[in-house]
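Peer 1: Let me see the structure of the following:
(chains A, B and C)
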Amino acid sequence: MGWNGSTMKQSRMRTVALASMFAGAMSFMSVAAGAEEIKIGVPLSLTGPVAFAGVKMRDAMEIAFEHVAETGMLGDLKLVPIYMDDQSSQPTGINVTQQLALRDQVSAIVGYTASNICQAALPVAQELKVPTLNGDCVVDGLGKIGNYVYNTVRPSDRFLEQLVAKIAAGGKFKTGAVLFQRENPLFANLAPVVTAAFEKAGIKVVATETVTSGADADFSAQLTNIAGAKPDVLAILLLGGQTGPAFVQARQAGLTDTIFIGVQNFDSDEVRRVAGEAAKDALYPSQWIAESPLENNKRFVEEYTKRFNREPDTFSANGYNSVLMLAQIIKKAGGGDRENIREAMETIGDMDTIFGTDGKTRFEDRLVALTPFFFEMQPDGTVKRLD
Amino acid sequence: MLLQQLLNGIVAGSVYALFALGFNMVLGALNILNVAQGAIFAMSAFVAFYAMKLYAVPFVLALLLAVIAGGLINMILEMIVFRPLRARGGSPMSTLVASIGASMALLSVTQKLSGSQIERFPFNSLPDTQWIAGDVRVTFIQLLVLVTTACVLIGSYILLNRTKLGKAIRTMAFNERIARMLGIPTAGVARWTFFISGALGGLAGVLLGVMFNSVHFLMGEAYVLKGFAAIVIGGFGSVAGVVVASMLIGLSEVFSIMIGIGAFKDVVIFGILFCFLILRPNGMFGRDEEPRP
Amino acid sequence: MNWEEISYWLIIYNHAIVTALINSVTALSIYFSLRAGIFNLSAIGFMAIGAYTAGILSTRLGLPAPVGITAGIMLALLLGAILVYPVLKLRGHYLAIATLSFAAIVQAMAMNLDGLTNGPSGLLGVPAVVRAWHVVVVLAVLLYIAWTLQKSRTGRAWDAIRTDVSAARAMGIDVEIYRLKAFLISTAVAALAGGLWAHVNRVIVPFEFGFVQLTMALVNTLLGGISTPLGPVLGALVVTTMPDWLAGFAEYREMIIGALLVAVVVYLPNGLIDPLLGFARRFGRKRAVKEASR
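Peer 2: Next up is the predicted model:
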């Protein structure tokens, strides 16, 4: 009754080795044919709980890769994206990173959706010395992973602090409250930041409530508690899919005049659709707005709306932007060599982006340097920009 | 504020009850723990959503569609998964595992069809009105959920005690072999039990989708575990028990939040569940007999 | 097939292989309980305990991995021993629900005891010292233990209990002790899997120890079947590497697994491995006949 499990492994190994040799031969042939194909790994969460964000990123990134090819900005170089699904799971995220780096021999990686996957997979990309652009995770510490890992987004803590300082300037708000999602490190870390910002601005924090998971949809108990404390301003730190319902339920719980503040995800299609009137006067900082008149952004929004029948949101914008910035880096690097790309990331100065007012940014401490807009949501679903 | 929280708790409890009742039916009658109830919950909600969004179907009709869809899907599950399984013996373990497999497949289909998106039922599907009486605020939909749960409760009672089908279900729940010997068409009864259970799931899915302004393919999963708790605490097979237990769960959640241990509200519920399992596994109203091995 | 190609392949798929191997360990944990007829779904909870213990001890106290992992197993056994008495009195659905809620409680604790586990942000910086061959060795040892147990009195007792509890009792088998044994072995193996997991993934978040992961572990075990300890291992290996060999269909992975699980449970109650073994046996027999007729 001997176990020949090794037989199964061997034959699978053989198939894969053959396949990779074949793929290697193919790519060699296409290089010889003239246009240099540069393989780009794109790991995203396409299944599982974070899929709603990952799928939007992928859609926008597909458009971005097409635009890069259409504008001919890379001349003879052709970017070939290889999409992989990390299933919203950490081990798979690490696995996918390794495969893109070692099996597919990508020149660079751009993508990633969820923060826990970033925290696990980015160090691996660093170890494997693959230049990587994180396109969506905004948890702390991602700028410190190493010289191969750069971020085309930045954490919202500073944005929130600025927002709080801004609204406190009028002295109108005396009391504040915080509602945040416990399970997500992004929000669990922002909660103390907002609390500290409130205190610093002289706003007394009268209630703090948590929502356990990203799947929760009923906040009536928490909001009733908060309503009992009568805060002037309420920081809502929840996933986009929960923020909309939270607005509605908050108004229903009695927080009729409270001002809501939050982060970029207030700016999603979901929130606007769901919250409707309940979003009146809500304030949030954002590095991006769909209506931004920048050329690059207009192209993106137009194509996205045409193809998917809905306006893009933060996740799509993050995805598009990361590819746009990647293309500029590759252009500076002049080719698909990893070391050249890494150096390009380090030395590239100003870059075009769809974020911000002037559409320009640069890397600071491996995070993009951005001045956020501040927006006020209107009851009819539009947003008004504050200065 | 206490009254408001009490109301919140009872509404939450009704929500759990609507879900758990569907669960409970199949468990009581056929001894099958159908985890796919969560997937059916979500699928039916999407049926209603897409009916309204793509075909401008009015809300009430969409709700009806969802209820029927839920019933049909569950019934199909019974026919292709549980019937052959039970024919081969079908231990509690194998039926639970089969239902997990079915749940995975259904969830995946729902995810594909909905594109993983989180949707909302169109504005004004149901009136937005809210009544305020002093410190307490009740919205139309909250009231609707309470009323629906009460109706379902009464309906279940009538079904189980006054109709032929109901009597057949109760006999099957007691002992399937005896039921068969008495000439009860157990296959047909099983099918109908699943249909009703799925229909209840569909009803719950749409109502909750409207109440919480959110329809997502994973929306049912949180309820599955709480549904387990409701069934155990309330007692397998007892309709009243499940409803009372669901209220208990809703109230305990709200209470946990009120006293500031909201982060641990799930732990509290499972703790209660555990105590019941150890001290009184038949739950509050379960039949006083040895739980089936 | 030369050595260079093999080692290259092993490097690329390193993480996938290690993950698949650790999933095999988890699957074996569930196997031991199922073998004795106990529908024990606590595996993921004990895995979390093993992982966090190993993680905390290595990041906070700088203890080497084997110490942390062993400590995790000890802690899990302690908790398991406390848990087992009330739980083993239950049967069928009740047992499943009880163990499931235990796992849910562990996850909730991990999420909220910030001081200990760093909550949702997760425990970062766990040294990635466990290599694939470590896990292979562990797996080999476990398989050997499983095999020996299967043939021993314990294994036969488990089979009897699994088939018919009352009959087993009537035959004089001390049902309680054997179920206890199975439960505790499951507990220890799950914690071991967790400890290994921690030192492979570097970051431990509560999110990774939830219902979804438990379902996958169950799927791994059952697809392979529990008639032999190889079943869960094979099931884990096949399912974990599925995205790789499913390629274009990867997005349908969950649908396929769900459908497969249903098909297996209904039509192949002994899992996928039985028909394979049957085939192998027949092949072996054919060869033997051929040899004999020469």
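
Peer 1: of all the residues in chain B, which ones are close to chain A?
Peer 2: Proximity of chain B to chain A (CB under 8 Å from any CB of the partner chain) is limited to residues B:1, B:4-5, B:8-9, B:11-12, B:15, B:111, B:115-118, B:120, B:123, B:130, B:137, B:139, B:208, B:212-214, B:216, B:218-219, B:221-222, B:253-254, B:257-258, B:262-263, B:265-266. Just so you know, the C-beta spots here come from the backbone N, C-alpha and C atoms, and that holds for glycine as well.

Peer 1: Pull out the buried members of the residues you listed.
Peer 2: B:4-5, B:8-9, B:11-12, B:15, B:111, B:116-118, B:120, B:137, B:139, B:208, B:212-214, B:216, B:218-219, B:221-222, B:253-254, B:257-258, B:262-263, B:265-266 (16 or more other CB atoms under 10 Å in any protein chain shown).

Peer 1: What is the burial count for the closest residue to B:Phe285 other than its chain neighbours?
Peer 2: Leaving out its chain neighbours, the residue that sits closest to B:Phe285 by CB to CB, 6 or more residues apart in numbering or on different chains is B:Gly241, at 3.4 Å. Other residues within reach of B:Gly241, judged by other CB atoms under 10 Å in any protein chain shown, total 23.

Peer 1: show me where the stretch 51-200 of chain C has helices.
Peer 2: C:65-88, C:92-112, C:114-117, C:132-151, C:153-163, C:165-170, C:175-201 (DSSP state H, counting those that start in this stretch).

Peer 1: Include mean pLDDT and distance to chain B when you put these into JSON lines, please.
Peer 2: JSON lines is the format used below for these (pLDDT from 0 to 100; distance: least, CB to the nearest CB, whole Å):
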{"stretch": "helix C:65-88", "mean pLDDT": "90", "distance to chain B": "4"}
{"stretch": "helix C:92-112", "mean pLDDT": "87", "distance to chain B": "4"}
{"stretch": "helix C:114-117", "mean pLDDT": "82", "distance to chain B": "10"}
{"stretch": "helix C:132-151", "mean pLDDT": "92", "distance to chain B": "19"}
{"stretch": "helix C:153-163", "mean pLDDT": "88", "distance to chain B": "10"}
{"stretch": "helix C:165-170", "mean pLDDT": "85", "distance to chain B": "6"}
{"stretch": "helix C:175-201", "mean pLDDT": "93", "distance to chain B": "11"}
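
Peer 1: Chain A: helices as residue ranges?
Peer 2: A:5-32, A:51-71, A:90-98, A:115-127, A:157-168, A:185-200, A:220-229, A:240-253, A:269-275, A:295-308, A:314-333, A:338-347 (DSSP state H).

Peer 1: what sits against C:Leu214?
Peer 2: By CB atoms under 8 Å, 6 or more residues apart in numbering or on different chains, the contact list for C:Leu214 reads C:Leu41, C:Ala43, C:Ile44, C:Leu100, C:Ala103.

Peer 1: residues contacting residue 209?
Peer 2: Because you didn't say which chain, this covers chain A. For A:Glu209, the contacting residues are A:Ala177, A:Val178, A:Leu179, A:Phe180, A:Phe219, A:Gln222, A:Leu223, A:Asn225, A:Ile226, B:Ile257, B:Gly262, by CB under 8 Å, 6+ apart.

Peer 1: not quite, I wanted chain B
Peer 2: Going by CB under 8 Å, 6+ apart, the list of residues near B:Gly209 reads B:Ala45, B:Ala48, B:Phe49, B:Phe121, B:Val215, B:Met219.

Peer 1: who in the stretch 51-200 of chain A is up against chain B?
Peer 2: With CB under 8 Å from any CB as the criterion, the stretch 51-200 of chain A meets chain B at residues A:Ala51, A:Phe52, A:Gly54, A:Val55, A:Arg182.

Peer 1: The closest residue to the last one other than its chain neighbours - how many residues pack around it?
Peer 2: Meaning A:Arg182. For A:Arg182, ignoring the flanking residues on the chain, the nearest one in space by CB to CB, 6+ apart is A:Thr210 at 4.5 Å. Other residues lying near A:Thr210 total 23 when counted by other CB under 10 Å.

Peer 1: Am I right that A:Thr210 is in contact with B:Ala263?
Peer 2: Yes: taking CB atoms under 8 Å as the definition, A:Thr210 is a contact partner of B:Ala263 at 5.2 Å.
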